[in-house]
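Novice: need a 3D model of the sequence below.
(2 chains, ligands or ions: 2)
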Amino acid sequence: MAEVLVYVDHVDGAVRKPTLELLTLARRVGEPVAVALGAGAEATAAVLAEHGAVKVLTADAPEFADYLVVPKVDALQAAHEQVSPAAVLVPSSAEGKEIAARLALRLGSGLITDATDLEPGDDGPVATQSVFAAAYTTKSRISRGTPVITVKPNSAAVEPAPAAGATESLSVTFGEKSTGTKVTARTPRESTGRPELTEAAIVVSGGRGVNGAENFSVIEALADSLGAAVGASRAAVDAGWYPHANQVGQTGKSVSPQLYIASGISGAIQHRAGMQTSKTIVAVNKDAEAPIFELVDYGVVGDLFDVVPQLTEEVNTRKG
Amino acid sequence: MSLRIVVCVKYVPDATGDRHFADDLTVDRDDVDGLLSELDEYAVEQALQIADEADDAEITVLTVGPEDAKDALRKALSMGADKAVHVEDDDLHGTDVMGSSLVLAKAIEKTGYDLVVCGMASTDGTMGVLPALLSERLGVPQVTLLSEVSVEAGVVKGRRDGDAASEALEAALPAVVSVTDQSGEARYPSFKGIMAAKKKPVESWDLEDLEIEAGEVGLEGAWTKVDSATERPARSAGTIVKDEGEGGRQLAEFLAGQKFI
Ligand SMILES: Cc1cc2nc3c(=O)[nH]c(=O)nc-3n(C[C@H](O)[C@H](O)[C@H](O)COP(=O)(O)OP(=O)(O)OC[C@H]3O[C@@H](n4cnc5c(N)ncnc54)[C@H](O)[C@@H]3O)c2cc1C
Ligand SMILES: Cc1cc2nc3c(=O)[nH]c(=O)nc-3n(C[C@H](O)[C@H](O)[C@H](O)COP(=O)(O)OP(=O)(O)OC[C@H]3O[C@@H](n4cnc5c(N)ncnc54)[C@H](O)[C@@H]3O)c2cc1C
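Specialist: Ligands and ions are numbered 1, 2, ... in the order given. A predicted model of the protein is given here:
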């Protein structure tokens, strides 16, 4: 069976969930060979093997942390030369997409970004995309070169499938251009202890209706009762009530959880672009005409300061 | 010496309109109004601010798109850019991102540049990869997805807020930059700006001017192929209740029924 390269997104050896999902999809089109780069790369091997990686290629060098994107492209290109894969799959993070794009160009290959599903086809993998703020679903494939495809989080279930996962070190020669953009400082994001927004099964979001940074505690309390991540609309972020990292929508994170609860959010097209593919959608809004109600499975027309705390209390009681 | 800035701006179908696909599975541009991609307004704004800080700078706005795409250029010119380049050719219809980056890179080289400024993503394709591709094609550093940007003494600096960390970046010019919607609100064109824009030069180039073969771009030249596009079925109407004191508990009941609690 043909091999498929899977780019590993990890933080110091902790593999992020979208990569494990990618291994599930990769197995449909070939045998996954994982590529893990940077500090902690070797520590990723065990979990990758558990999820189907037949081989794990690792490389570490200061370049990966000290310069933006390009050293990782050099490494993936080296892996491509070594393996001659049938496809290259990369998680659809902002950085993942940039890496994939530059690699595709170097390989003379087409590029598909933000796939939400992947199937084998007669002419290579067929990717599903959700476009125009999820109003359309397209099926596309790559007609030239090794298919390079980035896949969105939550596009597949994580399925364990033990494989050999033997670690091999990958030798990388960095190109002259790889040191063009220096990372002069890095401030890690503080962990809130809540699930990662793009990976969470439940997301509870607040918008302008929350009316103040201090009131976001109402949203957080509901999130904590459900073990959910907290999201925010751009209006709430722009007002400084919640960090930009939590913004859901076209220019924020795109989420696709089992359950999305929007409170005090009107449902503008740019917000919908980031949450419309959620499996179950719930909204609380005092305006019965708010466009968000067009999307919901269940909506409550009412004041969020009445409805949300009551819901939180009920959830906590039932968990009791 | 003058700082030559090229801003790439895309003309896109209005996201608040009813966007759809044409029979050949390309974007239907006839049926819905187009406009300058809102995210590219941030790119124009940052270019204007960088130019203000420079001793001497010239801003060229560049678009690849159909006849109507001139509207996007006019808007950018009325915000304060100096001149515009429009790449237009019937053979461009259906170009994918690899082809688009080829055309833009050739046009940028022909214009001459020290700094290229892009938006973080278009509001139609939303791939967010074109700036990285331009950097690869032009062989200059990419300093992308910046929420803050400045240029001083031939060096561009910026801040990139990623998933795991916020990074401070630095590269020597020439370079390709992209800016996010966190970089600062874009200015509205003033009446004076709108009047002045009418007199600013707009050059039109076709593929021949850029020495690109028709087969390298367009639907035929695309390295990707869209096989189908189907409209998402409308969601079946959900249950909507009015809160009369029990809204939270009713919602809990629904969530329990769905096994979320
Ligand atoms: C290029 C571009 C990109 C964008 N990207 C994004 C993005 O990524 N994410 C995003 O969210 N937006 C984005 N936007 C902004 C978007 O257009 C909207 O402005 C934004 O989503 C509105 O946020 P909101 O729903 O919180 O606020 P509003 O539209 O002001 O809605 C607030 C809602 O709260 C309700 N409300 C008020 N008080 C209460 C109460 N006490 N109880 C219950 N309900 C109450 C109101 O009825 C109203 O419906 C973008 C815009 C542009 C132009
Ligand atoms: C719904 C949809 C899905 C698509 N999916 C794919 C796909 O999977 N693979 C593929 O190869 N192509 C795809 N395309 C085509 C692709 O979007 C276009 O070729 C496009 O011009 C480049 O990608 P983008 O618009 O997403 O740009 P992005 O990479 O999102 O744009 C970033 C920035 O690049 C600049 N820019 C982009 N296009 C232009 C332009 N024409 N003129 C001037 N500046 C520009 C702007 O500064 C913009 O802010 C898709 C198009 C649509 C409408």
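
Novice: enumerate the residues of chain A near ligand 2.
Specialist: A:110-113, A:131-132 (Cβ under 6 Å from any ligand atom). Any C-beta I mention is one placed from the backbone N, CA and C, and that applies to glycine too.

Novice: so which of those sit within strands?
Specialist: A:111-113, A:131 (DSSP state E).

Novice: need these in TSV with pLDDT and neighbour count, can you?
Specialist: Formatted as TSV, these follow (pLDDT from 0 to 100; neighbours: other Cβ atoms under 10 Å in any protein chain shown):
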residue	pLDDT	neighbour count
A:111	98	29
A:112	98	29
A:113	98	25
A:131	94	21
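
Novice: which of those residues lies closest to residue A:35?
Specialist: residue A:111 (17.4 Å; Cβ to Cβ).

Novice: could I get the residues of chain A next to ligand 2 as TSV with distance to residue B:68?
Specialist: Shown next, in TSV, are those (distance: Cβ to Cβ, whole Å):
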residue	distance to residue B:68
A:110	27
A:111	27
A:112	27
A:113	26
A:131	21
A:132	19
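
Novice: quick one, phi psi at the closest residue to residue B:138 other than its chain neighbours?
Specialist: What sits nearest to residue B:138 in space, not counting adjacent residues and going by Cβ to Cβ, 6 or more residues apart in numbering or on different chains, is residue B:105, at 5.7 Å. Main-chain dihedrals, residue B:105, degrees, to the nearest 10: phi -60, psi -40.

Novice: residue B:105 and residue A:142: what is the separation?
Specialist: 21 Å (Cβ to Cβ, to the nearest Å).

Novice: show me what contacts residue B:20?
Specialist: Shown in contact with residue B:20 (Cβ atoms under 8 Å, 6 or more residues apart in numbering or on different chains): A:132, A:135-136, B:28, B:31-32, B:231.

Novice: can I get those residues in CSV including distance to residue A:306, neighbour count and secondary structure?
Specialist: CSV is the format used below for the contacts of residue B:20 (distance: Cβ to Cβ, whole Å; neighbours: other Cβ atoms under 10 Å in any protein chain shown; DSSP: H, G, I helix; E, B strand; the rest coil):
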residue, distance to residue A:306, neighbour count, secondary structure
A:132, 36, 24, coil
A:135, 33, 16, coil
A:136, 38, 17, strand
B:28, 45, 15, coil
B:31, 43, 12, coil
B:32, 40, 16, coil
B:231, 37, 11, strand
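
Novice: which one of those residues is nearest to residue B:97?
Specialist: residue A:132 (16.5 Å).

Novice: Provide a list of residues in contact with the closest residue to residue A:64 other than its chain neighbours.
Specialist: Among residues not flanking residue A:64 along the chain, residue A:38 sits closest, at 4.0 Å (Cβ to Cβ, 6+ apart). Residues counted as contacts of residue A:38 (Cβ under 8 Å, 6+ apart) are A:10, A:60, A:64-65.

Novice: which two of those residues have the greatest separation?
Specialist: Applying Cβ to Cβ across these, the maximum distance is between A:10 and A:65, 12.8 Å.

Novice: between the two, who's got more neighbours?
Specialist: residue A:10 (21 against 14; other Cβ atoms under 10 Å in any protein chain shown).

Novice: I figured that one was touching residue A:20, is that so?
Specialist: No: taking contacts as Cβ atoms under 8 Å, residue A:10 lies outside contact range of residue A:20: 10.6 Å.

Novice: just the contacts of residue A:38 now: which is nearest residue A:301?
Specialist: residue A:10 (43.9 Å).

Novice: how about the nearest residue to that closest one once chain neighbours are set aside, secondary structure?
Specialist: Once flanking residues are discounted, residue A:10 sits nearest to residue A:44: 5.1 Å by Cβ to Cβ, 6+ apart. Following DSSP: H, G, I helix; E, B strand; the rest coil, residue A:44 is assigned to helix.

Novice: which residues touch the residue in the stretch 101-250 of chain A that ligand 2 sits nearest to?
Specialist: Closest residue of the stretch 101-250 of chain A to ligand 2, Cβ to the nearest ligand atom: residue A:131 (3.6 Å). Each residue near residue A:131 by Cβ under 8 Å, 6+ apart is listed here: A:137-138, B:126, B:229.

Novice: helix or strand right after the strand or helix carrying residue A:128?
Specialist: Secondary structure assigned from DSSP states H and E places residue A:128 in strand A:126-131. Following strand A:126-131 in sequence order, the next helix or strand is strand A:136-142 (DSSP H and E).

Novice: who does that following strand pair up with?
Specialist: The strands beside strand A:136-142 in its sheet (DSSP bridges) come out as strand A:126-131 (antiparallel), strand B:224-231 (antiparallel).
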